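1. Got a sequence here, can you build the structure:
(2 chains)
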Amino acid sequence: MAGPSMMETLFQRTLEDLIKGMRLQLIGESAFISKAVEEIRREIKSTDLHTKSIALQKLTYLNSLHDVDMSWAAFHAVECMSSSRFADKRIGYVAASQSFNESTPVLLLITNQLRKDLTSVNEHEASLALECLAKIGTVDLARDLTPEVFTLLSSSKVFVRKKSIGVTMRVFEKYPDAVRVCFKRLVENLESSDPQSLSATVGVFCELAAKDPLSYLPLAPEFYRILVDSKNNWVLIKVLKIFARLAPLEPRLAKKVTEPICEHMRRTGAKSLMFECVRTVVGSLSEYESAVKLAVVKIRELLLEDDPNLKYLGLHALSIVAPKHSWAVLENKEVVIKSLSDEDANIKLESLRLVMAMVSESNIIEISRVLVHYALKSDPEFCNEILGSILSTCSRNFYEIVMDFDWYVSLLGEMSRTPHCQKSEEIEFQLIDVGMRVRDARPELVRLARSLLIDPALLGNPFLHRILSAAAWVSGEYVEFSLNPFELAEALIQPRASLLPTSIRVVYLQSVFKILIFCVNSYLSQTETLADLEPEVPDSISQRENSEASDLASVRALFEREHDEAFNPGVLDRPSTDNSIEDIGNAADGDGQTSTFVSFRKNGFTRESIVNLVNLVEVAMRPLSVSLEVEMLERTCNILGLIEVLKRELPAVFQNEKVLEKEELEVLKLIKLMNDAFSEELGPVSTSAQERVPIPDGLVLKDNLADLDEVMGDVKLPSSSSFSLESPYNGQRMDPASCNVQSKEDSEASSESTSLLAEHRKRHGLYYLPSEGNGTISNDYPPANDLKSGDTNQDDTEDFVKLTAQSLVSKKKPNYAKPRPVVVKLDEGESVPVVLKKRDSRDDLLSGAVRDILLGDDAVKLSSSIKGKEKVNADPLDSKENMHDMENSSHRKSSSRRSKQRPHRKERGQTNPEKLGVEKEEHGGKVKSKSSHRHGRQKSRQKAEGSSDIIAETPVIPDFLL
Amino acid sequence: MIKAVMVMNTQGKPRLAKFYDYELAGFAKLRLLLLSAALSSRAENVSNFVEADAIFGLDSRLVYKHYATLYFVFVFDSSENELAMLDLIQVFVETLDKCFKNVCELDIVFNYGKMQTILDEIVFGGQVLETSSAEVMKVVEEISKLEAASNAITFVPKTVSNWRGR
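-> Predicted structure coming up:
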């Protein structure tokens, strides 16, 4: 690089020296770099421009590869740019385009330098300036240098012209008014005979059309000409990209370009061009059956290639076709499914997406089942991809494709038991969402919740905690569907629940509370009916009585202990009760009908069972009542308070079933009220619910709440102690002393409870799980965790192929025994409000300017040929009515061109696109006739091979393009 | 357009990093780190694509090629064709190969400037301007000549060269 100057070699290290030094350094890279930067800082101050530029070059290198800051050297870069020596100038320009940005202050200084270099005779100097402008051009630079760029656009030197074409993109983007000056010359370059300029111009239009396709519709004829005439694959690809954006805007344009695109697709040997044609057809021309059919044939070719790149792109193209032409996926299903076990993660993912795209309500059950099975064998990452895509597919549009929610709920359960499952948040959400929206799914949900909650092994897996939280909520909210609420309560208070984080334990506690209320209420209403009680007391009275009762309760708080003692016998006769419950539970499971639910409920809530439950819960709650977590503390106290009220107010129930007194009636009302409160159904809430609450008359909502302080000045915020140890039902205050007593008692109680639980567990094998007569529940419990080692992956894939083949081919809907349950949907406001993409005002300016230019342009051109196009355009425009005038003119223009090209088209257009086989043969002949085209390609392939043996470590991918 | 071109070795050391999208240049080091992790996790003989939305923002596609100890990486958006980009890598490497006669990592390390010149001829402000390695070679040689010519002036004592510059 640097010349062998004496000065340099003596006093300054060149970039090369720096790099060599860095490789040999012994002091550590960062230390070496900071030393080098110090040196650079010294050198860069030199008055000698050459020394300065070498220093700057080194700094640029360090900035690029080692993230060294170089913003401080901006002025030095400007100095180097102004050097008369090309080498220094170049270093300056490279440094500037690498480090300058909109906020660099010295940017103002370079305008004149750039102008000077743009007009330089030396094309390389002009090229440097253009490069710099393309990289760092600002609004000011673009505005000031537009005339120079305009001049260069018609430069005779291709080297400069192609770069000036490239720079127009940045200039237009920054300074839309430049369009008025430069656009015409840019368009002229579309007709340029020079391939490099043409390629650059098409590239620029491709970028411009990506931002605002509508404005460039009038240029469609030019692009069409290139599409038909050009032999350069780069240019063709770019033109195809442009048409992919224009075609959806104008149906007639789409119709016109379909045939030439298909022609290219058939004829070309370059995979890149072929793939681009395929993508254009499936993406933008998907209503043209014959074109799509041809594209699918080509996709199949790609899929059968050995090259993983082509396979991946083939799958990618299929996933674009899938939404509109699912048959295309069905035709290729074997390949897609085999790709699920490909070694390449890209291909696996893409095929998973495709499999999910094939899903319909008729095959979702089969596909999900197999995919979940597949997930068990995959690596954790892909496993979660599978689970995630099942979840999102099934929940799409309010579970649109799920017909059988009992199945879906059990699928959710199965997924949560998949070993690598990390989708707990999504599963949690869906469990609750299904519960709220689908009434018919609730019994199954509760059954699932039970099986999840009751398994102590699950508590140890932190990934499952969110799911358990949902299960706990479901079990509390829909406890009325439970076969055995006692079992649920036991599961919720099992000792291992302490492994859960507080936020989830809180849900557990609340559910225990709900279950307790439900059980007691059921029992009481049952005894009520049995004993044929007095007629109901009006609500107002009962409420008054309740409040009296709680007053009385606080007075009588001291007597509470005695009741406790009175309860102990209940604990002792517990085992027998449990047996009876279980028996009944089994019976109920036996046929699972609602009638047995009812009968179970009538008979299930015996006095002993209630007493047992209450005692068990109390024993479990006691240790928690001294929890440090406020939420837990509060809920625990709620439960304990309830228990105390029950015990005090219902001695009759707990001692003798037949004796019912007035007091009990009161507590009956209390329980009833609470049960009513809990059985109020929770539904999905619209996101716009808050907005729809009408603001009452006379309510003035203040935006500024600054004067709140004055109002609240003398109101003390509740201190933290005030919500601590108060039981809400009896208002009893636990002083520290009683707390101590309590905790001592707790330790006893808890040891007692653990021994009880242990005994219980021993009796029932795995924790509390009753053995089921017919395995409706036990079936979906264990198998998830044991991988069937016997199956090899290959077998599995084949199974899958077979299976999906069956399920995909059979299009008829399976007959479901029961109709699809109702899924509650809200009319509005459930979807996340779509934020309208705001377009940059500068973009609008740009497209406005482009339209102005093109409109004017067309007016001139059209005036000459206005007669001919009236005829062609005889039939009324079928396009959108509200289209711009300008576009109308473009239709005319394109159709006038169409008439010109008609003879040319007929020649090729003889083939009937329906008969693909015939066409292909014809086509083979054509390819041969295009020998010049192929020849060029072979040459370049030889070139590629020539170079490939030099770097032979990785196989060279065939040269698709050249 | 092309958003970035990077060359890094298999240990994740960057050899060239050029960002055409100014926003991407921020956190360049972090991006390179993530990228090298993504690349090194890929086996041989798999496809040359990496899903890179997480590293380079939305609508990013990434192709790479692995030559000996080097990864050549192109990041681009939906306006480019994936296979064409793979070809472009091929053109880039071919040109390097012509330039250095049997290119290896060391050539690239010591001739950072030249590699950048070559790339600048192929990709201009994020757009592909040249796809023929012969053309690129021609320009690169011209530039080297120009640079050599301007450096030759330094043989003249500095005071004189300054005077001539005015």
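
2. C-alpha from now on. contacts and neighbour counts both.
-> Noted.

3. Grab the most central residue of chain B for me.
-> Using CA atoms, centre = their mean, the residue of chain B that lies closest to the mean C-alpha position is residue B:119, 4.9 Å off.

4. Can you name the residues that contact it?
-> residue B:92 (CA atoms under 8 Å, 6 or more residues apart in numbering or on different chains).

5. from memory residue A:76 sits against residue A:44, does it?
-> Yes. Between residue A:76 and residue A:44 there is a contact at 7.3 Å, judged by CA atoms under 8 Å.

6. returning to what we had before: what element comes up after the helix or strand harbouring the residue nearest to the centre of chain B heading to the C-terminus?
-> Secondary structure from DSSP states H and E places residue B:119 in helix B:112-122. Following helix B:112-122 in sequence order, the next helix or strand is strand B:123-124 (DSSP H and E).

7. what about that following strand and chain A, touching?
-> Yes. Strand B:123-124 lies within reach of chain A by CA under 8 Å from any CA of the partner chain, at residue B:124.

8. Now do that strand: distance to the chain's middle.
-> 10 Å (CA atoms, centre = their mean, to the nearest Å).

9. looking just at contacts, which helices and strands does that strand meet?
-> Using 3 or more CA pairs under 8 Å, 6 or more residues apart in numbering or on different chains; DSSP states H and E as the contact test, no helix or strand touches strand B:123-124.

10. Strand partners (parallel or antiparallel) of it?
-> Partners of strand B:123-124 in the sheet, by DSSP bridges, are strand B:127-128 (antiparallel).

11. which strands and helices sit next to the next helix or strand after the strand it pairs with?
-> Later in the chain than strand B:127-128, the nearest helix or strand by DSSP H and E is helix B:133-152. The contact analysis (3+ CA pairs under 8 Å, 6+ apart) places helix B:133-152 against helix A:86-99, helix B:82-100, helix B:112-122.

12. if you set the cut-off to 10 Å instead, what comes out?
-> Counting contacts by 3 or more CA pairs under 10 Å, 6 or more residues apart in numbering or on different chains; DSSP states H and E, helix B:133-152 packs against helix A:86-99, helix A:123-136, helix B:82-100, helix B:112-122.

13. Of those, which is nearest residue A:437?
-> Closest approach to residue A:437 among the helices and strands packed on helix B:133-152 is made by helix B:82-100 (44.5 Å; CA to CA).

14. Identify all contacting residues around the helix or strand that comes right after that closest one.
-> Following helix B:82-100 in sequence order, the next helix or strand is helix B:105-110 (DSSP H and E). With contact meaning CA atoms under 10 Å, 6 or more residues apart in numbering or on different chains, helix B:105-110 is reached by A:15-20, A:23, B:7-9, B:14-16, B:67-70, B:96-97, B:99-101, B:111-112, B:114-116.

15. Check which residues of helix B:105-110 are buried.
-> Across helix B:105-110, burial judged by 16 or more other CA atoms under 10 Å in any protein chain shown covers B:107, B:108, B:109, B:110.

16. Alpha carbons of the helix holding residue B:119, as PDB, please.
-> What follows is helix B:112-122, C-alpha atoms only, in PDB (Å, rounded to 0.1, in the frame of the first residue of the first chain):
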ATOM      1  CA  TYR B 112      -7.500  -5.200   4.700                       C
ATOM      2  CA  GLY B 113      -7.500  -2.100   2.500                       C
ATOM      3  CA  LYS B 114      -7.400  -4.000  -0.700                       C
ATOM      4  CA  MET B 115     -10.300  -6.300   0.300                       C
ATOM      5  CA  GLN B 116     -12.300  -3.200   1.100                       C
ATOM      6  CA  THR B 117     -11.600  -1.700  -2.300                       C
ATOM      7  CA  ILE B 118     -12.800  -4.900  -4.000                       C
ATOM      8  CA  LEU B 119     -15.900  -4.900  -2.000                       C
ATOM      9  CA  ASP B 120     -16.600  -1.200  -2.700                       C
ATOM     10  CA  GLU B 121     -16.500  -2.000  -6.400                       C
ATOM     11  CA  ILE B 122     -19.000  -4.800  -6.100                       C
END
